[in-house]
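Trainee: Below are the sequence and a predicted model; questions follow.
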Amino acid sequence: MAKPFQIALISPKGPLYRHRTGIFQKDLRAAPLTLTTLAALVPKDLEAEIKIYDEGIEDLPSRIEADLVGMTVITGSAPRSYELTAKFKQEGKTVVLGGPHITLLPEEAKRHANSIVTGYAEETWPELLYDFKEGKLKEHYSMSPSFSLEKKELLPFPRRDMLDQKGYKTLNTFEATRGCIHSCEFCVVPVAWGRKPYQKPIEHVIEDIKQRKTKQVLFYDLNLIADKDYAKELFRALIPLKIYWVGLSTTLIGRDDELFDLLVRSGCKGLLIGFESISKTTLKSTKKSFNDPDGYAELIRKLRRAGIIINGTFVFGNDDDGTESFDAVRDFVIENKIGLPRFSILTPFPGTGLYNRLEKENRIISKDWSRYDGQHVVFQPNKMSVEELQFGHERVWKEVYSWKGIGKRVMGNFTMIFPIVLAANSAYRYYAHNLSRFYTCRGGIV
C-alpha cells in the first residue's frame, strides 16, 4: 500500500507568545484561521494526511512526519521559522513559507525555504501541492492581480475540527473581509496586499456561522467597516441569527448613525479600535488623521451606552511622543473607562513607509526580527531614549492593569460579557507584570 501524502501546517511563535515560555494566556487566545483554511483548501483527490501545529498552544514534537511542511510567518516569528526550516530540510522534508513577512521580504525567505507563497494563497496553495506531487515545485508562487474572494470554489469552510479546542478561548473565529482602504505609515497591510478590500459573499459568511451552531462569534477582519455599504448589508444579515460578536473597527464607526445602529442591532458586544495616539500631530504624520482625538471621549461613551466593550489600542514612540505621553495616555484610558486597553511600542515592520523612513535616517538599531513584536524598541526614538521608551511603556501596562486601574475602568463596563471582560483583564494583568522578562537580550535592551 502506497504511503499517504503527509502535510504538516505550522504556526511558529516568537519567544513572547510561545507555549510555556511566553506570557499570552488562554483567555487572550482565539483560534487562528490561516492554517485551518489552508487545510480546507488541500484538494481531496490528493488524499493527503494533514496535521496542524500551533506553537502558541503546544510544543512541537521532536519529530514530525511529513513530506511537505507549510509555515505561516509574521515578522516576529521569522527567526523561529527559519530555524525550523533548516531542521526540516536537514530531515529531508520540503518546506514552504508564506504569510505577511514572506510577502514583505520574499528574497530573504527564498534563501531559506524550498518554495515561498506571497499574497493570499487560496489559488496558489492547491497549485503548489499539485506541482509538488508531480515533482515540479516552483521557487515562488504569487497571488494573481485578479485575485478575489467572491469565487465559491476558493471558500471552503476552515477545518476548525483539526484544532485542539482546549488551547483556545474560542474556535468560533470568522472573517468576512480582508485588507483595508487606509495607508497608515506603520501598517503592513497596504504594502503587502494593497488598499483594496477583499470581500466574501455575505451568504457564505452567514452559512459558515450557522454551520458552527454558535451564538458567540469573533471576526478577524482588520477593518470590518472599510466598505460601509458591505458592512451594513452584513450587519442586517446577522440580526436574525441573534448572536453576539466582537471584531475590529476604526473610530469612523461613530460617524454614520445608520451604520452604528445596525452594528448594535447585529449583536456587536466588543470592538478593537486603533486609537493609536491622543496627539493630532502624531496622527497626521502617520497618515491616520481620520482619527480625531477630540471625538474619542464621545465615541467611547456612545459605545458604552450601546453595551459595547472597547479593546482600545495605543502606540508609544512616535516622533512627537516625549516621556509625558505615558502619563497622558494612562490618564485618558482610566478616565474614559476603556474596558480592555492595549499598548504597543511603535514597530517599523520591514517594507512599510515607517521602516523605510527610519532606515534612511539611520535610526533602526536592531534587525533581529524576533524583537519585532510590538513590545520591544528596535529603533532610536526622537524625543526620548531607548530605555525611557521601553520602561515607560511597561509602566503604563502595569499601572493600567493594577487592581486599582482595573477597578476604575471595568466598573463602567457592565455588559452581558462582563465575565469575559474580567477574565481578559486578569490575563492582561499577568501579561503586563511579566513583560520585563522579555526585554533584555544579549545583555542589552533592543
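Mentor: That came through fine.

Trainee: Helices of the stretch 101-250 of the chain, residue ranges please.
Mentor: Taking DSSP state H, counting those that start in this stretch, the helices of the stretch 101-250 of the chain run over residues 106-110, 124-133, 189-193, 202-212, 228-238.

Trainee: tell me which residues of the last one are tucked away?
Mentor: Taking 16 or more other CB atoms under 10 Å as the basis for neighbour counts, the residues of helix 228-238 that come out buried are 230, 231, 232, 234, 235, 237, 238. Glycine gets a C-beta too; all of them are placed from N, C-alpha and C.

Trainee: What of the first one?
Mentor: Judged by neighbour count using 16+ other CB under 10 Å, the buried positions of helix 106-110 are 106, 109.

Trainee: For it, which helices and strands make contact with it?
Mentor: strand 115-118 (3 or more CB pairs under 8 Å, 6 or more residues apart in numbering; DSSP states H and E).

Trainee: just how off-centre is the strand it packs on within its chain?
Mentor: Centroid displacement of strand 115-118 relative to its chain, using CA atoms, centre = their mean, to the nearest Å, is 20 Å.

Trainee: Can you pull out the residues in contact with that strand?
Mentor: Contacts to strand 115-118, defined as CB atoms under 8 Å, 6 or more residues apart in numbering, come from residues 94-98, 102-103, 106, 109-110, 124-125, 128, 137-143.

Trainee: And for stretch 52-68?
Mentor: Outside of stretch 52-68, the residues that reach it under the criterion CB under 8 Å, 6+ apart are 5-13, 17-20, 22, 24, 29, 32, 35-36, 39, 51, 80, 84, 88, 91, 93-96, 129, 132, 159, 162-164, 167-168.

Trainee: Those residues, buried ones only, as a PyMOL selection?
Mentor: Buried members of the contacts of stretch 52-68, defined by 16+ other CB under 10 Å, are picked up in PyMOL with:
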select buried, resi 5+6+7+8+9+10+11+12+13+17+18+22+24+29+32+35+36+39+51+80+84+88+93+94+95+96+129+132+159+163+168
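
Trainee: Strands - which of the contacts of stretch 52-68 land there?
Mentor: By the criterion of DSSP state E, membership of the contacts of stretch 52-68 in strands covers 6, 7, 8, 9, 10, 11, 51, 94, 95, 96.

Trainee: Excluding chain neighbours, give the residue nearest to the third one in space.
Mentor: Counting by CB to CB, 6 or more residues apart in numbering, the nearest residue to residue 8 once its immediate chain neighbours are dropped is residue 66, at 3.7 Å.

Trainee: Using the three-state scheme, assign the one you found.
Mentor: Recorded secondary structure, residue 66: coil (DSSP: H, G, I helix; E, B strand; the rest coil).

Trainee: Can we start the residue count at 2 from this point?
Mentor: That works, and once the first residue is 2, the last one we named lands at residue 67.

Trainee: follow-up on the earlier one: nearest to residue 382 among the helices of the stretch 102-251 of the chain would be which one?
Mentor: For the helices of the stretch 102-251 of the chain, proximity to residue 382 was assessed by CB to CB; helix 190-194 is nearest, at 22.6 Å.

Trainee: The closest one: how far from the chain's middle?
Mentor: Put simply, helix 190-194 sits 14 Å off its chain's centre (CA atoms, centre = their mean).

Trainee: Check stretch 350-358 too.
Mentor: That offset, for stretch 350-358, works out to 18 Å (CA atoms, centre = their mean).

Trainee: avg pLDDT for it?
Mentor: What stretch 350-358 shows for mean pLDDT is 95.

Trainee: Show me what counts as buried in it.
Mentor: When burial is assessed from 16+ other CB under 10 Å, stretch 350-358 yields the following buried residues: 350, 351, 352, 353, 354, 355, 356.

Trainee: out of everything not next to it in sequence, what's closest to residue 193?
Mentor: Closest to residue 193 by CB to CB, 6+ apart is residue 104, at 4.5 Å.

Trainee: How much space separates the one you found from residue 77?
Mentor: 15 Å (CB to CB, to the nearest Å).

Trainee: Over to residue 67?
Mentor: From residue 67 across to residue 77, the span is 24 Å (CB to CB).

Trainee: so what are the domain limits for this protein?
Mentor: Here the domain assignment for the chain is 7-143, 173-446, based on automatic domain parsing.

Trainee: just to revisit the earlier point, quick check, the residue nearest to residue 193 in contact with residue 120.
Mentor: Yes - using CB atoms under 8 Å, residue 104 is in contact with residue 120, at 5.8 Å.

Trainee: Counting neighbours, go ahead and name the busier of those two.
Mentor: Relative neighbour count places residue 104 above the other of residue 104 and residue 120, with 22 against 19, counting by other CB atoms under 10 Å.

Trainee: Tell me who's in contact with that one.
Mentor: Counting by CB under 8 Å, 6+ apart, residue 104 touches 119, 120, 193, 194.

Trainee: now swap in residue 356 and tell me
Mentor: Counting by CB under 8 Å, 6+ apart, residue 356 touches 349, 350, 365.

Trainee: List just the nearest of these to residue 407.
Mentor: Residue 407 lies nearest to residue 350 out of the contacts of residue 356, by CB to CB, at 30.8 Å.

Trainee: any idea how far residue 224 is from that closest one?
Mentor: Distance from residue 350 to residue 224, counting by CB to CB: 17 Å.

Trainee: re the thing from before, tell me which of the contacts of residue 104 is nearest to residue 324?
Mentor: Nearest member of the contacts of residue 104 to residue 324, counting by CB to CB, is residue 193, at 33.2 Å.

Trainee: wait, doesn't the closest one sit right on residue 105?
Mentor: Yes - between residue 193 and residue 105 there is a contact under CB under 8 Å: 5.7 Å.

Trainee: any residues in contact with both of the two?
Mentor: Counting by CB under 8 Å, 6+ apart, the residues touching both residue 193 and residue 105 are residue 352.

Trainee: re earlier: and residue 153, which of the domains of the chain is closest to it?
Mentor: Among the domains of the chain, if distance is taken as CB to CB, the winner is domain 173-446, at 7.2 Å.

Trainee: what kind of secondary structure is residue 72 in?
Mentor: strand.

Trainee: what's the distance between the nearest residue to it once chain neighbours are set aside and residue 410?
Mentor: In space, and not counting its chain neighbours, residue 72 is closest to residue 11: 4.7 Å by CB to CB, 6+ apart. Residue 11 sits 37 Å away from residue 410, going by CB to CB.
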